[in-house]
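Chemist: Need a 3D model of the following:
(3 chains)
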Amino acid sequence: MSSAPGIYAGTANVIAALMLLLEFGMLRQALVRDQVRLYAAQSAMISILAIVIAADRDLPELYALAALSGALKVVAVPLVLRRLLGAPASEETPGVAGSYTLNPASAVLACIVLAAFGFFCFGSLGIHSGQAPALALSLAGAMVFVAFALMIVRRDVASQAIGFFSLENAISLASLVLAAELPLLLETAFLFDLLLAVVVFGMLIRAHHSRAESLSTADLSRLRG
Amino acid sequence: MFGVILAILIVPLAVAIACFLVPARVATGLTIASGIACFGLVLALVPSATHGTQTYLSYLRADAVSGVFLLATAFLYAAVAVYAAGYLKGRTDRYTRRFYLGFNVFAWAMLAAPLMSSLALLWIAIEVTTVVSALLVAIEDTDGAAEASWKYVLIASAGLGLGLLATIFAYYAGAQVLGAHSNLAIQPLISAGRHLPKTPVELAFLLAVLGYGTKVGLVPVHTWLPDAHSEAPTPVSALLSGALLTTSFYAILRFYQVASAALGTGFPRDTLLAFGIASLLLASLYVFGQHDVKRLLAYSSVEHMGILAIGLSFGAPVALAGVLLHVMAHAAAKGNAFMGAGVFTVKYGTKRMSSMRDGLRLLPWSGPLFLLAIFALSAIPPSGIFRSEFEIVAGGLASGGNAAAAVLVILVTIAFFGLATSTTNMLLRPAPPEAVPSEPVLGAAGADGRQPAPAGDAHSDRAVLVETRARSSRVLAPGEPSAWMVVPVLAGLAVLILLGVHPPAELTNLISQATAQLRGAS
Amino acid sequence: MSAAVPIPVIQLLQVLTVALGAPGLMGVIAKIEARLQGRRGTRVLQPYYDLAKLCRKEALAPSGASWFFLAAPFVAVAAYLTIPLLIPVLTTYGLPLGYMGDILGGGFLLSLASFVVATAALETGSPYAQLGSSRAKTFSAITEPVVLFVVFTVALLTGTDLPYALAATVRSSAGQVIRPAHLLASAALFMVILHETGRIPVETHTGTNEFGMIEEARSFEHSGPYFALLKWGSMLKQFILFTILADVFLAPWGLASTQRLGAVLLAIVALLAKAVAIGVAVAVIDDSFAKLRLFKITEYVSAAFLLAVLGVFTLYLGGG
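Modeler: Residues are numbered from 1 along each chain as shown, chains lettered A, B, ... in the order given. Predicted coordinates for the structure are as follows:
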């Protein structure tokens, strides 16, 4: 009978698992607007996890980090994305729908395999940090792989961009597990860097959209060889 | 020296902000001044960097290794700033100002990266270079540029995500020994090398090579490189190939220092050798059959980055010295090559090499200079690249990597064939008598002549381009488009010959000090 | 009252609770759904009256049907009534007949019942019944891996796959409740239950929407007392699945740990309350979501599979 990991570890693991599930959710969602919402939920999970770790391991800097990353990734980035992707405010036209290379069910199954691979890769490293349970690191590893798969499987630039942002989320999760005590200055710098990347991504998506009248990457194949 | 470093960090950024506000001609002048000033500042930094490492404000750091990379970047910054003055003739005011804004921020980030003392700040600097250069790649408003910039920003950012993961693992390894509040400063990590736990460091190094290697252009994560470097405006391509690739290589170099201090030299060297050989092999093969001159040069960049990785993997002192010299010589040579290619595209109105003929006659300065640049890239003496590749091969033979050294020589020769056949066609073959260009160059949009402009598209700078660029080879008159575009190439050639024949003593001292640091003996 | 109830009586009480409580549960869920939709709804005891009415009606069988068609409802109900002997319904300790089978045995019995009903429907040659049974079998084929992985989770957590052991493990500490493997397995099982009992988003439970019917269509050809048995059987299945979810995974509290009469009665009440709570959740889901199109059920099942697989993985790396 395997012993229970304790409430703190269990909570941290559940949050990490929820983040991975949200990643899969982004994979299955067709509408970009819903993907952005899932991304906001995922970023909220990161903030909550930061608060949990701060409360349990007594790291007051993490509260500030949680607030900052919450403000940036839960509020600012989805706002910017929604503006730049031109999603309408009304409910009748739900917005842009992405295109797939695999249908959602097959994509989920393929990503389960990838997630398992990433999971066991990171798990077999035997890295145990004092801040958070090792299982969260494995889940972060799985998330990294699924984020890459999201960028590969979806054929429209908006989903690819959201895949990249959720990759950043996965890496933030890994950094919370491994580097919870990284100086706040550096973490803040990472966050603002992410915001800059968001703006640039958005500008490029807009440029692509205005040029190609669509967000699909199916015709981005002129440059070959 | 603190003032010098601070000046290097402030000047390009200040000029960038100014460029957004002042008229275009002033912006051009400011940028040239900034470039030359930065180069002077870096030259002033060299003696003190040779003597030892200096750390300021706990986040800035200059040692011999960073001095080498700073020299390469600053020289190219100055040269390309002068070149851009000629290249951007005929563009609108708005385009020029936006271009210089991006250009200066790009150069600033590349100059800041070697001066960062912490792996985390290094990552941030390189991330800034990615986003800024992506915008610069997209600044030409063509389909190809949009596609190239999207591929670039997505793949490079994903790679940098892996680089961030590598940084996190490096922090984790360092925190075991240095305490939880280490700010990932490079020197303490190297000093504590032997005590660092092995698995996180291995993982960090592998992720760093894969992640930062995406920006360096190592195979198999190089796929964005030919597109981005060929679709960007030529000054940006020159900076991308000559400076950005090596700045990202600088990041790998730092991780290599930490990894070899912690793990010994086996694993890091094998990793680098694998990636290097793959890059060199693929690039040498792809150099054949290219139609676009800038794409050809981009694959040559992949080849040279492979050579850098292989040289680093050899590890002998002479190989390391060769690597550092190669960084500088490649900057000069690749900058020259791109600048020459840029003159050709301006002159002929297209990037396709099949449309370019009789270059030596039509471009009395740029033609021969371009030929010399291509020869320099192919490591023909007396260019600096010959000296650096010679040192690398010698280091390989000295450290027992005979097979790898032999493979390197063979592949470099193959690449030389590829480069030479394409470019001598451009330069030496006379224009055919009934020269009707085979592509719809007249009225084509942009310099790539690849697709006709959409009907009713009235971007003013593109209209100007159409007028000035749509010519067939036959009716071209001999003559340089602009003197601004020749002078930097001459300067680059001088640097190359200097590096190849007789590097100045200060430079040699800098390189030997840097080599010693890389071997962990300092 | 502290009279000790003999063990065989408790065992019988388990079966009786399920048998008699199942229609009531169905009625409660229907009532709640109606209230959520703003209707008054039928009375809570309506299913009992329906069953009674059906028993009085004439039974017909299609001309091609054999004895199998007539025996199927009995076999199904017998299987369903056996399961309460195996799972913790009222008690925390294992009852003698409870060792007849473990979770896999319970799963086998559920599948047996489902198979028998589906085959009987196939026998009739009626298009709707055949449609329903072929769909039901296809979809249960793809939900089987999910159920298996949930069972694996149970097995990994406790080292056996006796449901009693899992219930005891979950009760032992709050940390056990919150561990991701447990929550993921429970979520996966809940999704499977929605599928097995024919609820939104898999199928509409009320009304006969032929193009979407899966479970409902299988009982199309039975009539009279046989139909009453089939309906009762599906109510039993629902109650049993809810019991498994509640008593083994989510809320294994309130079970009698002694043989005292008071404890046993309390356990009965607790079980009914827990089943009603799950029923409320199901009713809310029923009224909040739309039915999935048939080919999207694969996506739904892949989501459940994902949850189950993730649960197993999180256990594997120690912790979880």
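
Chemist: Who are the packing partners of the helix ranked longest in chain C?
Modeler: In chain C, with assignment by DSSP state H, the single longest helix is helix C:127-158. Using 3 or more Cβ pairs under 8 Å, 6 or more residues apart in numbering or on different chains; DSSP states H and E as the contact definition, the elements that helix C:127-158 packs against are helix C:103-124, helix C:163-172, helix C:180-196, helix C:297-316. Backbone N, C-alpha and C define where each C-beta goes, glycine included.

Chemist: What's the mean pLDDT across that helix?
Modeler: If you average the pLDDT over helix C:127-158, you get 82.

Chemist: Now do that helix: distance to the chain's middle.
Modeler: For helix C:127-158, the separation from the chain centroid amounts to 12 Å (computed by Cα atoms, centre = their mean, to the nearest Å).

Chemist: Please apply the same query to stretch B:414-429.
Modeler: Taking Cα atoms, centre = their mean, the mean C-alpha location of stretch B:414-429 is offset from the chain mean by 22 Å.

Chemist: And the helices in chain A?
Modeler: According to DSSP H, the helices that chain A contains are A:7-28, A:32-57, A:60-69, A:77-84, A:104-123, A:134-153, A:157-178, A:184-212.

Chemist: Equivalent analysis for the stretch 151-300 of chain C, please.
Modeler: Remark: helices of the stretch 151-300 of chain C, listed N- to C-terminal, are C:163-172, C:174-178, C:180-196, C:224-243, C:261-288, C:297-316; assignment by DSSP state H, counting those that start in this stretch.

Chemist: can you list the residues that contact stretch C:101-116?
Modeler: In this structure, residues lying in contact with stretch C:101-116 by Cβ atoms under 8 Å, 6 or more residues apart in numbering or on different chains are C:72, C:75-77, C:79-80, C:82-83, C:86-87, C:136-137, C:140, C:147, C:151, C:154, C:160-163, C:166, C:196, C:233, C:237, C:240, C:244.

Chemist: Which among the residues you listed count as buried?
Modeler: By neighbour count, with 16 or more other Cβ atoms under 10 Å in any protein chain shown, the contacts of stretch C:101-116 hold C:72, C:75-77, C:79-80, C:82-83, C:86-87, C:136-137, C:140, C:147, C:151, C:154, C:161-163, C:166, C:196, C:233, C:237, C:240, C:244 as buried.

Chemist: May I see the helices and strands packed on helix C:127-158 arranged in JSON lines, with distance to B:Ala72 as well?
Modeler: Putting these into JSON lines (distance: least, Cβ to Cβ, whole Å) gives the following:
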{"stretch": "helix C:103-124", "distance to B:Ala72": "67"}
{"stretch": "helix C:163-172", "distance to B:Ala72": "63"}
{"stretch": "helix C:180-196", "distance to B:Ala72": "50"}
{"stretch": "helix C:297-316", "distance to B:Ala72": "47"}
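
Chemist: picking up where we left off before, which stretch among the helices of chain A comes nearest B:Ala192?
Modeler: Each of those was checked against B:Ala192 via Cβ to Cβ, and the shortest separation belongs to helix A:157-178, namely 17.3 Å.

Chemist: which helices and strands sit right next to that closest one?
Modeler: helix A:7-28, helix A:32-57, helix A:77-84, helix A:134-153, helix A:184-212, helix B:143-178.

Chemist: redo that, cut-off 10 Å
Modeler: Counting contacts by 3 or more Cβ pairs under 10 Å, 6 or more residues apart in numbering or on different chains; DSSP states H and E, the secondary-structure elements packed against helix A:157-178 are helix A:7-28, helix A:32-57, helix A:60-69, helix A:77-84, helix A:104-123, helix A:134-153, helix A:184-212, helix B:143-178.

Chemist: who wins for proximity to C:Ala118 among the ones you listed?
Modeler: Evaluated over the helices and strands packed on helix A:157-178, closeness to C:Ala118 peaks at helix A:104-123, with 23.7 Å, by Cβ to Cβ.

Chemist: Now do the closest one, average pLDDT.
Modeler: The average pLDDT within helix A:104-123 is 84.

Chemist: do the same with stretch A:186-198
Modeler: Throughout stretch A:186-198, pLDDT has a mean value of 77.

Chemist: Tell me the buried residues in that stretch?
Modeler: A:186-187, A:189-191, A:193-194, A:196-198.

Chemist: and chain B, which of those reach it?
Modeler: Contacts with chain B are made by A:186-187, A:189-190, A:193-194, A:196-198 out of the buried residues of stretch A:186-198, judged by Cβ under 10 Å from any Cβ of the partner chain.

Chemist: Can you tell me which of these is nearest B:Val82?
Modeler: Ranking these by separation from B:Val82, with Cβ to Cβ as the measure, puts A:Leu196 on top at 29.3 Å.

Chemist: quick one: contacts for the closest one?
Modeler: Residues in contact with A:Leu196 (Cβ atoms under 10 Å, 6 or more residues apart in numbering or on different chains) are B:124, B:127-128, B:130-132.

Chemist: could you dump those to a markdown table with neighbour count and secondary structure?
Modeler: A markdown table is the format used below for the contacts of A:Leu196 (neighbours: other Cβ atoms under 10 Å in any protein chain shown; DSSP: H, G, I helix; E, B strand; the rest coil):
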| residue | neighbour count | secondary structure |
| --- | --- | --- |
| B:Ile124 | 24 | helix |
| B:Glu127 | 24 | helix |
| B:Val128 | 20 | helix |
| B:Thr130 | 27 | helix |
| B:Val131 | 25 | helix |
| B:Val132 | 24 | helix |
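
Chemist: and which of these is nearest chain A?
Modeler: Nearest to chain A, judged by Cβ to the nearest Cβ, of the contacts of A:Leu196 is B:Val131 at 4.2 Å.

Chemist: was I right about B:Val82 contacting B:Met485?
Modeler: Yes: with contacts counted by Cβ atoms under 10 Å, B:Val82 reaches B:Met485, the gap being 8.5 Å.

Chemist: Out of the contacts of A:Leu196, which is nearest to C:Leu184?
Modeler: Closest approach to C:Leu184 among the contacts of A:Leu196 (Cβ to Cβ): B:Glu127, at 34.8 Å.

Chemist: how near is the closest one to B:Gln257?
Modeler: With distances defined as Cβ to Cβ, to the nearest Å, the gap from B:Glu127 to B:Gln257 amounts to 21 Å.

Chemist: what about stretch C:92-103, how long is it end to end?
Modeler: The first residue of stretch C:92-103 is 16 Å away from its last residue (Cα to Cα, to the nearest Å).

Chemist: re the thing from before, okay, and the common contacts of B:Val82 and B:Met485?
Modeler: Both B:Val82 and B:Met485 are contacted by B:235, B:339, under the criterion Cβ under 10 Å, 6+ apart.

Chemist: can you pull the buried residues of the longest helix of chain C?
Modeler: Those would be C:128-137, C:139-140, C:142-143, C:146-147, C:149-158, for helix C:127-158 by 16+ other Cβ under 10 Å.

Chemist: quick one: that helix to helix C:103-124, angle?
Modeler: Counting by axes from the mean of the first three to the mean of the last three Cα atoms, to 10 degrees, helix C:127-158 lies at 170 degrees to helix C:103-124.

Chemist: ok and helix C:127-158 relative to helix C:163-172, angle-wise?
Modeler: With the same axes, to 10 degrees as the criterion, the two stretches helix C:127-158 and helix C:163-172 enclose an angle of 60 degrees.

Chemist: nearest spatial neighbour of the residue minimising distance to the centre of chain C, skipping sequence neighbours?
Modeler: For chain C, the residue lying nearest the average C-alpha position, counting by Cα atoms, centre = their mean, turns out to be C:Leu241 (2.6 Å). Closest residue in space to C:Leu241, ignoring its immediate chain neighbours: C:Ile193 at 4.6 Å, by Cβ to Cβ, 6 or more residues apart in numbering or on different chains.

Chemist: before we move on, what about B:Ala232?
Modeler: With Cβ to Cβ, 6+ apart as the criterion, B:Ala232 has its nearest non-adjacent residue at 4.4 Å, and that residue is B:Val137.

Chemist: which residues sit in contact with that neighbour?
Modeler: A:204, B:102, B:144-146, B:148-153, B:224, B:227-233, B:236-237, B:240.
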